[in-house]
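# Just to be clear, the model below is a prediction. Sequence and coordinates:
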Amino acid sequence: IGERLSKKESVMILQNRRGYHSYLECINCGNVEMCVRCNISLTYHKTFDLLKCHYCGYARKFSKKCTECGSSMVIPKGAGTERVEEELQKIFPSAVIKRLDSDTLTSKKVYQQILKDFYDRKIDILTGTQIISKGLDFPNVTLAAVVNADIGLLNPDFRATEKTFQILTQISGRSGRSESKGEVLIQTNHSEFYVFNDVKNHGYKNFYQNEIKIRQQLNYPPFSRLVIIETKSEDKLLAESKIKELFNLAKQLDKSNKLDILPPNPPLFSKLKDKYR
């Protein structure tokens with residue numbers, strides 16, 4: 001980054017998670033600060049000194065004490081875009097650094113202004129979530145970097161690898177779009193995983209062949225159709241009993257055993273916006 005700045009070139013840094021820290025954990029009792037309306041951990045936003053839920057919008061002041069045991073041994077885990085911006089500011093105090101994520105985007109005008117300033121070289125380093133990776137053309141960018149590229153791979157979604165490949169390919173395409181040679185740095189703990197090799201070699205075909213093979217083995221789309229049936233209720237027992245009724249009904253109607261019907265399970269976020277799922 002220092003090398004780029006000394007040559008008056010621009011840098012883009014992607015961290016696909018907003019906030020300052022991903023979650024707060026108490027070392028004393030192991031409690032993670034959770035949203036009161038959803039079964040999901042709260043993200044710490046240092047700018048507002050708030051703990052926020054990115055699903056329902058619930059927010060509260062950060063008291064620096066564990067809500068379970070009252071201990072002040074609350075440790076932040078994981079780094080979001082705010083933290084990346086702060087670290088860059090410490091290392092390159094004279095650089096102009098701007099962050100672009102849904103927390104800083106208060107209007108379309110702000111978005112356009114930041115992009116215009118970056119294009120006009122008034123901003124040296126642009127950091128943000130995947131908003132910065134898509135279809136933007138900045139001739140002066142010679143370095144694009146991704147912090148913790150493994151985040152997307154951990155999503156329990158059969159398209160997780162495909163989406164990661166897309167984002168990494170898109171951000172890679174932001175660097176070296178003019179005569180100047182571009183460079184892309186991707187930080188990962190799993191560099192041997194095939195998706196990174198395919199991004200490195202622009203191997204669309206190779207990625208497709210690997211991915212389609214895995215999907216065929218697991219009978220995932222396009223070799224099958226997935227249907228999800230979900231119940232939501234403020235009454236947890238009602239949500240559970242109704243989904244069991246639906247499961248039994250589906251089993252009953254599938255007389256020729258054409259379908260793979262999985263028994264009811266709570267999803268990753270078993271409660272969102274006061275409703276059990």
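In hand now; what should we look at? Residues are numbered from 1 along each chain as shown.

# Show me the shaky parts of the stretch 1-150 of the chain.
135 (pLDDT under 70).

# Could I get the full set of helices for it?
Here the stretch 1-150 of the chain has its helices, by DSSP state H, counting those that start in this stretch, at 2-6, 81-91, 108-119.

# Pick the most buried one from those helices.
helix 81-91 (a mean of 18; mean count of other Cβ atoms under 10 Å). Placement of C-beta: from N, CA and C, glycine included.

# And it, what does it pack against?
With contacts defined as 3 or more Cβ pairs under 8 Å, 6 or more residues apart in numbering; DSSP states H and E, helix 81-91 has these neighbours: strand 97-100, strand 125-128.

# again, 10 Å this time
Judged by 3 or more Cβ pairs under 10 Å, 6 or more residues apart in numbering; DSSP states H and E, helix 81-91 is in contact with strand 10-14, strand 43-45, strand 97-100, strand 125-128.

# strands paired with the last one, and their directions?
What it means is strand 125-128. strand 10-14 (parallel), strand 97-100 (parallel) (DSSP bridges).

# Highest mean neighbour count out of the ones you listed?
Among the strands paired with strand 125-128, strand 10-14 has the highest mean neighbour count (mean count of other Cβ under 10 Å), at a mean of 24.

# Now do that strand and helix 81-91, the angle between them.
Following axes from the mean of the first three to the mean of the last three Cα atoms, to 10 degrees, one obtains 140 degrees for the angle between strand 10-14 and helix 81-91.

# Adding distance to F158 as columns, could you present the strands paired with strand 125-128 in JSON lines?
Supplementary listing: those in JSON lines, determined by distance: least, Cβ to Cβ, whole Å:
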{"stretch": "strand 10-14", "distance to F158": "23"}
{"stretch": "strand 97-100", "distance to F158": "29"}
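
# Looking at the ones you listed, which is nearest to F193?
strand 10-14 (17.9 Å; Cβ to Cβ).

# so that closest one versus helix 108-119, what angle?
Angle, strand 10-14 to helix 108-119, by the same axes, to 10 degrees: 130 degrees.

# then strand 10-14 to CSV, C-alphas only?
In CSV, the C-alpha atoms belonging to strand 10-14 read as follows (Å, rounded to 0.1, in the frame of the first residue of the first chain):
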residue,chain,number,x,y,z
SER,A,10,-5.1,4.3,-5.7
VAL,A,11,-5.9,1.3,-3.5
MET,A,12,-9.1,-0.6,-2.9
ILE,A,13,-9.6,-2.9,0.1
LEU,A,14,-12.6,-5.2,0.5
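
# how far does it sit from the chain's center?
Offset of strand 10-14 from its chain centre (Cα atoms, centre = their mean, to the nearest Å): 17 Å.

# want to throw the helices and strands packed on helix 81-91 into CSV with distance to T169?
Converted to CSV, these look like this (distance: least, Cβ to Cβ, whole Å):
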stretch, distance to T169
strand 10-14, 12
strand 43-45, 27
strand 97-100, 19
strand 125-128, 17
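
# Out of these, the one nearest S71 is which?
Closest of the helices and strands packed on helix 81-91 to S71 is strand 43-45, at 16.9 Å (criterion: Cβ to Cβ).

# by contact count, what packs against the closest one?
Packing partners of strand 43-45 (3+ Cβ pairs under 10 Å, 6+ apart): strand 23-26, strand 50-52, strand 74-77, helix 81-91.

# And for A95, the neighbour number?
Counted by other Cβ atoms under 10 Å, the residues lying close to A95 total 16.

# Out of the strands paired with strand 125-128, which is closest to I186?
Comparing the strands paired with strand 125-128 by Cβ to Cβ, strand 10-14 comes nearest, at 9.4 Å.

# Quick one, which of the strands paired with strand 125-128 gets closest to N189.
Among those, strand 10-14 comes nearest to N189, with 16.6 Å by Cβ to Cβ.

# Which one of the strands paired with strand 125-128 lies nearest to S133?
strand 10-14 (5.8 Å).

# What ranges does the stretch 101-250 of the chain have for its strands?
Here the stretch 101-250 of the chain has its strands, by DSSP state E, counting those that start in this stretch, at 125-128, 141-146, 183-186.

# Now render these as JSON lines, adding distance to T81.
Shown next, in JSON lines, are the strands of the stretch 101-250 of the chain (distance: least, Cβ to Cβ, whole Å):
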{"stretch": "strand 125-128", "distance to T81": "6"}
{"stretch": "strand 141-146", "distance to T81": "12"}
{"stretch": "strand 183-186", "distance to T81": "17"}
